[in-house]
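Student: Sequence and computational prediction follow.
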Amino acid sequence: MVPGADLPPEPAAGARMSTTPGLIAARKVTFAYPGRPVLADVSLTVSGRNRIGLVGENGSGKSTLLQILAGRLEPATGTVRRRGTLTMVAQELQAVPHETLGDLLAASMQRSRAAQTRMEEAAARAAAIDAGEVDPGGRTRAGAMAEVADAVAAYENARAWDADRELDEALTRFGAPRDLGRPLTEMSVGERYRVHLACALAERSDVLLLDEPTNHLDLAAIEHLTARLEEWPGAVVLVTHDRQLLDDVVSEILDLDSTMNGPPARYGALHYADYRASKDAALARWRTRFRTEQKRLEELFYSRDSSYEGLSDEWRPPKGSNKNRRGTRAKQHVTAADRQLTRLEARAVSVPPPPPEVAWPHLGGEPDGHGNAPLLLLPGAHVPGRLERPDLMISLEREDRLLLVGPNGRGKSTLLGLLAQAGTAPDVRVGVLWQESRLEIVGRETGFDVATRVVLAELARGGVDADELVPIAATGLLSEEDLDRPVVDLSVGQRRRLDLALVLMTAPHVLLLDEPTNHLAVDLVDSMTGWLRWVACAVVVATHDRLMREDYADWPTIDLG
Ligand SMILES: Nc1ncnc2c1ncn2[C@@H]1O[C@H](COP(=O)(O)OP(=O)(O)OP(=O)(O)O)[C@@H](O)[C@H]1O
C-alpha cells in the first residue's frame, strides 16, 4: 500500500492483461448511503504481493470499501482503477435461487478452463503453421509463437494445471459440502461461505479481497487458509476480526476509524500487538488532548462570563459616577470578552471528541433464594445425530468459566443449546449470543424498538425486574444514533453488537457465547476479552479464535474434537 504512489500507465486498448500484476488504485474515494456518510477521501493502492488488513469500528465502512475496490459499488467521488484479475468473497453471501454447488464450482473453474483452452488453441495454430498450413487469421510463425508464449504464461500464472486439485483440497480442508446437486439456498450460511472461499482460492486471481474469512472456519481450516494466504502470489486485502490472522498474514494495516487529525491511519505494523500499542497510544493522546482542551474551554467560558459580568457592573454604575471612565471601562470589557469568544470558537473545532469507550456492565447477581445450588447443571449430553457425550458433567456456579473447543460439526453449538436449557431454577437468567443471529426484525424496526420488544417480553415473562435491566444505550456497544436507525441498515458487525447488547440488557446470571469474536471490530474483541475475565457472572465461550483461546488457556476446557 503506497499512499499517493503513481500508477504504471494504463495498458493500451486491446492490450493483453492476463499477465499484468493485479493492481487497484483508489484515489480520494468518498461514499455515502442515503443519509449516512461512510467514507471520506480514502486512498489506497494495492499492488504486487501486498498484504493489507482493513480494520476499524463496526460500521466504519470496511465492507463498503472492499465492495468499492471490487467494483461492486461506485464511489460518489474519487476514482478507482483496476487491472488484472480479482476475486472477492463478501461477508454475507446471497444464494441465487436454483444455483447448485456444481454450478458454482464450474463457474469458478471457468478462468482456468479458458486459460487451458487458449493455450491448446494457440499451440494447435503454431503446429499448423509449422506443418506448412496457411493460418486463417494471417499470423506469421513468430506471431503464433508469441501467442503461445502469452497463453502459457497466463496458464502458469493462473496455475490452471493445478486448479482442480486446489479446489478439491480447499473444499476438503474447509469442511465444505461436496454434493454437486445441492442448491446453495439449502446450505447454511457457514457452508455457503466455505464453498465460496474454496472457490476463491482455486481461482488464483491477482487480487483477493476477503471479508471476514475466518468466521465460519474451524482451527484446521483457519490454518489452511493462513498457509495459502502466506504463499499467495498476488495481493490480498483482508477485513478480519481475527487478530492472529492479521499477525500471520498482513504487513500493513489501514484503520478506517477517524483519528484526532481526521483521516484514517495507516500502520506498517508487522505484528498485531504493535498495531494495538500504536493505536492505544494515539487514542490515549487524543483523550488527553481532548480533556485538556475541554478544561481550557471551561476556563475560557468562565473568564468570558466574568468579563461580561464586569461589563454589566460597569454598565450600571452608581449615579453621579465619572461618565467618561465608565465608557472606557465598558469598551475594554467588550473587547476582552469578544477576544475570548473568538479564541473559544477557534479552539472549539481543534480537537474532535474521541470515540466513546464501551461500558461493560457489572453482571453477576444471584437469582432470588438460590442458596448454594449451581446455576446450570448438565449431567451428560445426548442429542441424536448431533452430540453423544453421556460422560460430560457440567455444573456452573457464579463466576465459573468454561471454554468449549473442537472442529466444526462436533456439537459445540448443540452443547450451548443444551446449556441454555439447563438452568436449575426458573429465575436463573441465561443469556445466549448465538453464532448466527436469531433476531426477527420486523420491517424497519430500530435497535431501540427491538430492545423495547425484548424488555417487555422479559418483564411479562417475569424473568427480570425492571430495576435489574441494563439500559441498552448505557453499554456503549451502539451509539444512540445507531440504535435509532433501522436494524436492516446496520452493518453486520453493528447487528452483532446489537445482539450482544440485547443479551446483556437482561443482566444474565450465566453468559453463553458462541464464537463471540465473529464480526466484531478488533478493538472491541480486545476489550471484551478483558471484560470476560473479570465479569462476576458465569461465562461459557465456544470459540475458534486462537488469541482468545490463548488468553483463556487457564479456563477449564471441554474439547469436543
Ligand atoms: N444499505 C444500507 N443502507 C444504509 N446504511 C447502510 C447500508 N449498508 C451499510 N450501511 C451503513 O454504512 C456504514 C458502513 O457499513 P459497512 O458494512 O461498510 O461497515 P463495516 O466497517 O464493514 O462494518 P462491520 O465491521 O460491522 O462489518 C454502517 O454505518 C452501516 O450501517
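Tutor: The structure has been received and is ready for your questions.

Student: For the residue in the stretch 101-250 of the chain positioned nearest to the ligand, grab the count of nearby residues.
Tutor: Nearest residue of the stretch 101-250 of the chain to the ligand (CB to the nearest ligand atom) works out as residue 239 at 6.4 Å. All C-beta atoms are positioned from the backbone trio N, CA, C, and that covers glycine. Counted with other CB atoms under 10 Å, the neighbours of residue 239 add up to 22.

Student: swap in the one 5 residues further on?
Tutor: The number of residues packed around residue 244, counting by other CB under 10 Å, is 18.

Student: residues touching whatever residue of the stretch 251-400 of the chain ends up closest to the ligand, list them.
Tutor: The minimum distance from the stretch 251-400 of the chain to the ligand, using CB to the nearest ligand atom, falls at residue 256 (6.6 Å). By CB atoms under 8 Å, 6 or more residues apart in numbering, the contact set of residue 256 is 39, 42, 54, 55, 56, 57, 60, 61, 62, 65, 264.

Student: quick one: low-confidence ranges for this structure?
Tutor: 1-22, 269, 303-334, 337, 340-341, 343-349 (pLDDT under 70).

Student: Please, which helix or strand holds whatever residue of it ends up closest to the ligand?
Tutor: Proximity of the chain to the ligand (CB to the nearest ligand atom) peaks at residue 493, 2.2 Å away. Per DSSP states H and E: residue 493 is located in helix 492-505.

Student: CA atoms only for that helix, dumped as PDB, please.
Tutor: In PDB, the C-alpha atoms belonging to helix 492-505 read as follows (Å, rounded to 0.1, in the frame of the first residue of the first chain):
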ATOM      1  CA  VAL A 492     -23.200  -7.000  10.000                       C
ATOM      2  CA  GLY A 493     -20.900  -6.200  12.900                       C
ATOM      3  CA  GLN A 494     -23.300  -3.500  14.200                       C
ATOM      4  CA  ARG A 495     -26.100  -6.100  14.200                       C
ATOM      5  CA  ARG A 496     -23.800  -8.500  16.100                       C
ATOM      6  CA  ARG A 497     -23.200  -5.700  18.600                       C
ATOM      7  CA  LEU A 498     -27.000  -5.200  18.900                       C
ATOM      8  CA  ASP A 499     -27.400  -9.000  19.600                       C
ATOM      9  CA  LEU A 500     -24.800  -8.800  22.300                       C
ATOM     10  CA  ALA A 501     -26.300  -5.600  23.800                       C
ATOM     11  CA  LEU A 502     -29.700  -7.300  23.900                       C
ATOM     12  CA  VAL A 503     -28.200 -10.300  25.800                       C
ATOM     13  CA  LEU A 504     -26.500  -8.000  28.300                       C
ATOM     14  CA  MET A 505     -29.600  -5.900  28.800                       C
END
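
Student: tally of neighbours for residue 179?
Tutor: 11.

Student: quick one on the thing from earlier: what sits closest to the residue of the stretch 251-400 of the chain closest to the ligand if chain neighbours are left out?
Tutor: residue 56 (3.3 Å; CB to CB, 6 or more residues apart in numbering).

Student: In contact with the one you found, which residues?
Tutor: 62, 255, 256, 257, 264, 521.

Student: out of the residues you listed, who has the most neighbours?
Tutor: Going by other CB under 10 Å, residue 62 tops the contacts of residue 56 with 29 neighbours.

Student: isn't there a helix covering residue 393?
Tutor: No: secondary structure of residue 393 (DSSP: H, G, I helix; E, B strand; the rest coil): strand, not part of a helix.

Student: Thought residue 380 was touching it, still the case?
Tutor: Yes: the criterion here is CB atoms under 8 Å, and residue 393 meets it with residue 380 at 7.1 Å.

Student: Residue 265 versus residue 350, what's the distance?
Tutor: Applying CB to CB, to the nearest Å, the value for residue 350 to residue 265 is 19 Å.

Student: Between the two, tell me which one has more neighbours.
Tutor: The residue with more neighbours, out of residue 350 and residue 265, is residue 265; 18 against 12, by other CB under 10 Å.

Student: quick one: that one and residue 248, what's the gap?
Tutor: In terms of CB to CB, residue 265 sits 22 Å off from residue 248.

Student: now do residue 547
Tutor: Applying CB to CB, the value for residue 547 to residue 248 is 11 Å.

Student: could you dump the one helix or strand residue 229 maps to to PDB, C-alpha only?
Tutor: Here residue 229, judged by DSSP H and E, is contained in helix 219-231. Only the C-alpha atoms of helix 219-231 are listed here, as PDB (Å, rounded to 0.1, in the frame of the first residue of the first chain):
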ATOM      1  CA  LEU A 219      -8.900 -24.300  13.600                       C
ATOM      2  CA  ALA A 220      -7.700 -26.700  10.900                       C
ATOM      3  CA  ALA A 221      -9.500 -24.600   8.200                       C
ATOM      4  CA  ILE A 222      -8.000 -21.400   9.500                       C
ATOM      5  CA  GLU A 223      -4.600 -22.900   9.400                       C
ATOM      6  CA  HIS A 224      -5.100 -24.000   5.800                       C
ATOM      7  CA  LEU A 225      -6.300 -20.500   4.900                       C
ATOM      8  CA  THR A 226      -3.400 -18.900   6.600                       C
ATOM      9  CA  ALA A 227      -0.900 -21.100   4.800                       C
ATOM     10  CA  ARG A 228      -2.500 -20.400   1.400                       C
ATOM     11  CA  LEU A 229      -2.500 -16.600   2.100                       C
ATOM     12  CA  GLU A 230       1.100 -16.600   3.200                       C
ATOM     13  CA  GLU A 231       2.200 -18.200  -0.100                       C
END
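
Student: Of the contacts of residue 56, which belong to helices?
Tutor: residue 62 (DSSP state H).

Student: out of the contacts of residue 56, which one sits closest to residue 244?
Tutor: Of all the contacts of residue 56, residue 521 has the smallest distance to residue 244: 15.7 Å, by CB to CB.

Student: which ones are touching the closest one?
Tutor: Contact analysis of residue 521 by CB under 8 Å, 6+ apart lists 55, 56, 57, 58, 60, 241, 493.

Student: Among those residues, which one has the most neighbours?
Tutor: Comparing the contacts of residue 521 by number of neighbours (other CB under 10 Å), residue 55 comes first, having 26 neighbours.
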